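> Give the three-dimensional model of this entry:
(2 chains)
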There are 2 protein chains.
Amino acid sequence: MGQVVMYSSVSVDGFIADENDQPGPLFDWLTSGDVPLDESGELKVSQTSYDYTRPYWDQIGATVVGRHVFDMTDGWDGKPPGGVDHVVVVTHRPEPEGWDPEAPFHFVDGVEAAVAKAQELAGDRLVEVAAGDVGSQVLAAGLIDEVRMDVVPVVFGSGKRYFGSVQAQHLLEDPDVVIQGNRVLHLRYRVRR
Amino acid sequence: MGQVVMYSSVSVDGFIADENDQPGPLFDWLTSGDVPLDESGELKVSQTSYDYTRPYWDQIGATVVGRHVFDMTDGWDGKPPGGVDHVVVVTHRPEPEGWDPEAPFHFVDGVEAAVAKAQELAGDRLVEVAAGDVGSQVLAAGLIDEVRMDVVPVVFGSGKRYFGSVQAQHLLEDPDVVIQGNRVLHLRYRVRR
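Numbering: from 1, shown residues only, chains lettered A, B, ... in the order given. This is a model prediction of the structure:
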């Protein structure tokens, strides 16, 4: 089965949004470069960030997100972000009414079932898990293989945490990727087993 | 006057100790190498970490710490850590009784006065400010020039925060030092003015 990757852009102090879900400058590196990252026309990054991020995105078979993110974005209007094939939404509430059953969104109750569903959909491709509440539950359950942090040089002070509700210490390996981009430092850590 | 540097070893999620002031594996990189960092015999680091850390330590003219750290370590038994010439302790309480007046510790009420005192003592050498409650107050006051984070690959989940009580967003420059050691990633950021 594919590897499970926890991911987000994050501030130097570990926040993925402020208290009002605003990302501040966390996504600036995704829109301020010269190289189109996808066909949206909105995402443009440096060549360095492209060379790291595009192959990663191409490996993702399914993304696991929380219902909060799904609702905030109105389900990305039915089109998964970054051209991902499948989005698995962790939710304890019924799936939204009037939702196109053909849209590549799957509503699953509980993080372990969500990861299992995502792995089934992704085959041997990567499963990406959004950092924050959902990602930290998956980490606590011992199901994260790799932690990817795109660290933006800003101090938030408060907000929504990358490692959300994690309560115990978890050792990581030394990062096997350390790449300095423009307004972002790309880091990739294996979780120590 | 010398530059003011905020410093600590820190977990990937921004903690400098757990809730009980225990550092967990945050100092492992300082004791697990081959190269003595000072004459204590206790601190041994990799050659890579030595080449980064030793020149930094040699530049420090004074260190500013909080009373909590001072009390926890019993004032390092009167001998400042890392061979620093002067330690300025931020405290709202009287200085400890029976304290050797010749010891290179200075007790100052308030972070701005503490930084001023440290700069006076350091001359054109660096002033190091301990991250955490004191460091974050100095950052919020606009007095930090540089943020040094020695990032250890561990998730803490909770504890004492590197950026303690910071409430507003602060932009940093892209790091001008990114050095991978053994169980530590050395990062140095200028604070954007």
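> Alpha carbons only: can I get the helix or strand of chain A with the lowest mean pLDDT in CSV?
Every helix and strand of chain A was ranked by mean pLDDT, DSSP states H and E. The lowest is helix A:67-72, at a mean of 88. Taking C-alpha atoms only, helix A:67-72 is exported to CSV below (Å, rounded to 0.1, in the frame of the first residue of the first chain):
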residue,chain,number,x,y,z
ARG,A,67,-15.1,18.2,7.4
HIS,A,68,-14.2,21.7,8.6
VAL,A,69,-11.8,22.3,5.6
PHE,A,70,-14.4,20.7,3.3
ASP,A,71,-17.1,23.0,4.5
MET,A,72,-14.9,26.1,4.5
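> if you skip the residues just before and after it, what's nearest to A:Arg125?
Nearest residue to A:Arg125 in three dimensions, chain neighbours excluded: A:Gly61, at 3.0 Å (Cβ to Cβ, 6 or more residues apart in numbering or on different chains). Just so you know, the C-beta spots here come from the backbone N, C-alpha and C atoms, and that holds for glycine as well.
> Equivalent analysis for A:Val152, please.
Among residues not flanking A:Val152 along the chain, A:Leu26 sits closest, at 5.1 Å (Cβ to Cβ, 6+ apart).
> what's the one you found in contact with, if anything?
For A:Leu26, the contact set (Cβ atoms under 8 Å, 6 or more residues apart in numbering or on different chains) comprises A:9-11, A:16-17, A:152, A:154.
> Kindly recompute the last result at 10 Å.
Residues in contact with A:Leu26, defined by Cβ atoms under 10 Å, 6 or more residues apart in numbering or on different chains, are A:8-11, A:15-18, A:150-152, A:154, A:156, A:159, A:183-184.
> Assumed the residue nearest to A:Arg125 was part of a helix.
No: read with DSSP: H, G, I helix; E, B strand; the rest coil, A:Gly61 is strand and lies in no helix.
> Which positions within stretch A:169-180 qualify as buried?
Buried residues in stretch A:169-180, counted by 16 or more other Cβ atoms under 10 Å in any protein chain shown: A:169-170, A:172, A:174-175, A:178-179.
> Tell me the buried residues in stretch A:114-131?
Residues of stretch A:114-131 classed as buried under the neighbour-count rule (16+ other Cβ under 10 Å) are A:114-119, A:121-122, A:125-131.
> Quick one: mean pLDDT over that stretch.
In this model, stretch A:114-131 has a mean pLDDT of 97.
> just stretch A:36-52 next, same as before
94.
> Surely A:Val84 and A:His106 touch.
No: A:Val84 lies out of contact with A:His106 (Cβ atoms under 10 Å); the separation is 12.0 Å.
> Give me the subset of the buried residues of stretch A:169-180 that lies in strands.
Judged by DSSP state E, the subset of those located in strands is A:170, A:178-179.
> so which of the residues you listed would you say is closest to chain B?
Using Cβ to the nearest Cβ, A:His170 is the member of those that sits closest to chain B, with 4.3 Å.
> For that closest one, give me its contacts.
A:136, A:139-140, A:142, A:144, A:147, A:163, A:191-192, B:11-13, B:153-157.
> sorry, back to before: can you list the ones in strands among the buried residues of stretch A:169-180 in JSON lines and add pLDDT and distance to B:Glu102?
Output for these, formatted as JSON lines (pLDDT from 0 to 100; distance: Cβ to Cβ, whole Å):
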{"residue": "A:His170", "pLDDT": "97", "distance to B:Glu102": "46"}
{"residue": "A:Val178", "pLDDT": "98", "distance to B:Glu102": "45"}
{"residue": "A:Ile179", "pLDDT": "98", "distance to B:Glu102": "50"}
